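In: Build the 3D model from these lines:
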Amino acid sequence: MQTHLSFWQQRWQSFALFAVSFLAVSVSLGVAVVSIAKLLLLIAVIGQLILDAKHHTFPSLQRWPSVMWWTVLAMVWMSLSGLWTEANTVNALAGWGRHSRMLWLLAVFYVLRSPAHSLFTLKWFVAGMVVMLLSSWALVAGLPVPWATATQFSAPLGIVHGSTLEQPVLLTLLATVLWFMREHWPKDRWRWVPPLILCLTVVNVFFVMTGRTGFMVMLLFITLAVWWEIPKRWRWLVVALPFALSALMMVVSPRFQVRTNEVARDVLTYQKGSTEGSQAQRLDFWYRSWLAIQEKPLAGHGVGSWRMNYDRLGGLEANAPSNPHQQYLLWAVESGVMGMALFLAMLLYQFKAAQTLPKNARQTLLTVTLISAVMGLMNCPYFGAGMGECLVYLAACLLALHPNPSH
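Out: All right, here's what the predicted structure looks like:
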């Protein structure tokens, strides 16, 4: 971090810190607030660029993690696919806009100028998620929550914003940050609060939420938490832990049991030629995606073209979404094997960059990266508003905790 800063540099860094903190909170408050936060962050980046140019304080690009450049390469290739895309201009631009959420990784990392700044914004992330957690429990208890916007869901589901997909994953990310960064827990009379929040989070995901992706990533988080807590010679036993926990949840959590049993039912439904049920829809999305990949395996059909190709190839869903609910297939269809390889490289180098961090930040980022990768098997986490920004914010913020920051 620069030790001698002008008055305006100090003031602007304070504004940039506010913008990132606002983004950290906004991911739990809905799409509209996320858009406002991104606008503020964009202003912060532009101002920081101007001040860095004026005072010759640009950070050395050579010290930036490689994941940044793989992210840029992936987006450059996806952008180039616009030259041969089969989608119309509106859909192509909309698709590019959704994919470009990954670029906020660079913006957040650029304006965070010290590990202290990163820790400050992480506290705001936790605070925002705790408000969402408590609001969820308030809905379950039948209490009024005026700021809840997810009116399409009944109160017993405890959904405050978004859907049954996003909220349990966001709560799992709360648990991830809270547990692995526990060296920053309060040591005074409030030391009981973080463990209570963790318990409320785990119970909320398994017993209140109904999202299968949420179940899956929470099982992953618990498994990794145990993995790093036991001696290395016993870690092979942890492989069985998610299966044991799943069996336990099948017995004690009615919602886990119902939603898990629906998977087999949906598969049988799809075999009969129907897409009734979310898993049946996904199977059809994936099958049509595979057909599209076979047509243009190298360069793909172009950005924003997935839905058009799904309809063209006989998709059974009349009102299909803009993606196949599978991150890797989406990239393969729209940008080919080349694009998917670049996207995988981005995840790989984020995983590698995590290895250079201090223990608490390393375990947190490794878990966030694995959650992103596993979630991508069933959804498009980097494609969705709120979720995409949350994942790139956490990655950038944790990378900035390096003991020798690039700034």
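In: Could you list the low-confidence segments of the stretch 251-400 of the chain?
Out: Within the stretch 251-400 of the chain, no stretch falls below the threshold (pLDDT under 70).
In: what ranges do the helices span in the stretch 151-300 of the chain?
Out: 166-180, 193-203, 212-227, 241-252, 254-271, 278-295 (DSSP state H, counting those that start in this stretch).
In: most packed of those?
Out: Of all those, helix 166-180 carries the top mean neighbour count, a mean of 25, counting by mean count of other C-beta atoms under 10 Å. (Glycine included, C-beta is placed from N, CA and C.)
In: can you map out the helices along the stretch 301-407 of the chain?
Out: Under DSSP H, counting those that start in this stretch, the stretch 301-407 of the chain gives helices at 306-312, 327-354, 359-375, 387-399.
In: related to what we said a few turns ago, I'd like the helices of the stretch 151-300 of the chain as TSV, with distance to residue 132 appended.
Out: Formatted as TSV, these follow (distance: least, C-beta to C-beta, whole Å):
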stretch	distance to residue 132
helix 166-180	7
helix 193-203	10
helix 212-227	13
helix 241-252	22
helix 254-271	19
helix 278-295	23
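In: Tell me which residues are up against stretch 71-83.
Out: With contacts defined as C-beta atoms under 8 Å, 6 or more residues apart in numbering, stretch 71-83 is touched by 92, 96, 99-100, 102-103, 105-106, 299-300, 302-304, 331, 334-336, 338-339, 342-343, 345-346.
In: Repeat that for stretch 338-355.
Out: 65-67, 70-71, 73-74, 77-78, 81, 102, 298-300, 327-328, 331-332, 335, 361-362, 365-366, 369-370, 372-373, 395, 398-399.
In: Quick one: buried ones out of those residues?
Out: 65, 67, 70-71, 74, 77-78, 81, 102, 299-300, 327-328, 331-332, 335, 361-362, 365-366, 369-370, 372-373, 395, 398-399 (16 or more other C-beta atoms under 10 Å).
In: still on that earlier bit, okay, the helices of the stretch 301-407 of the chain, which one's buried deepest?
Out: Counting by mean count of other C-beta under 10 Å, helix 387-399 has the highest mean neighbour count of the helices of the stretch 301-407 of the chain, with a mean of 26.
In: on contacts alone, who are the packing partners of that one?
Out: helix 7-26, helix 31-55, helix 104-111, helix 115-140, helix 166-180, helix 327-354, helix 359-375 (3 or more C-beta pairs under 8 Å, 6 or more residues apart in numbering; DSSP states H and E).
In: CA atoms only: put that helix into CSV for me.
Out: Extracted in CSV, the C-alpha atoms of helix 387-399 (Å, rounded to 0.1, in the frame of the first residue of the first chain):
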residue,chain,number,x,y,z
MET,A,387,-24.8,-14.7,-7.2
GLY,A,388,-22.2,-13.9,-9.8
GLU,A,389,-21.2,-10.6,-8.1
CYS,A,390,-21.0,-12.4,-4.8
LEU,A,391,-18.5,-15.0,-6.0
VAL,A,392,-16.2,-12.6,-7.8
TYR,A,393,-16.3,-10.1,-4.9
LEU,A,394,-15.3,-12.9,-2.4
ALA,A,395,-12.5,-14.1,-4.7
ALA,A,396,-11.1,-10.6,-5.2
CYS,A,397,-11.4,-9.7,-1.6
LEU,A,398,-9.7,-12.8,-0.3
LEU,A,399,-7.0,-12.5,-2.9
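In: That helix vs helix 359-375, what angle?
Out: 150 degrees (axes from the mean of the first three to the mean of the last three C-alpha atoms, to 10 degrees).
In: Helix 387-399 to helix 327-354, inter-axis angle?
Out: 10 degrees.
In: chain center to helix 387-399: distance?
Out: 7 Å (C-alpha atoms, centre = their mean, to the nearest Å).
In: ok, now stretch 121-134?
Out: Using C-alpha atoms, centre = their mean, the distance from the centre of stretch 121-134 to the centre of the chain it belongs to is 15 Å.
In: Residue 205 is nearest to which of the helices and strands packed on helix 387-399?
Out: helix 166-180 (4.7 Å; C-beta to C-beta).
In: Much appreciated, bye for now.
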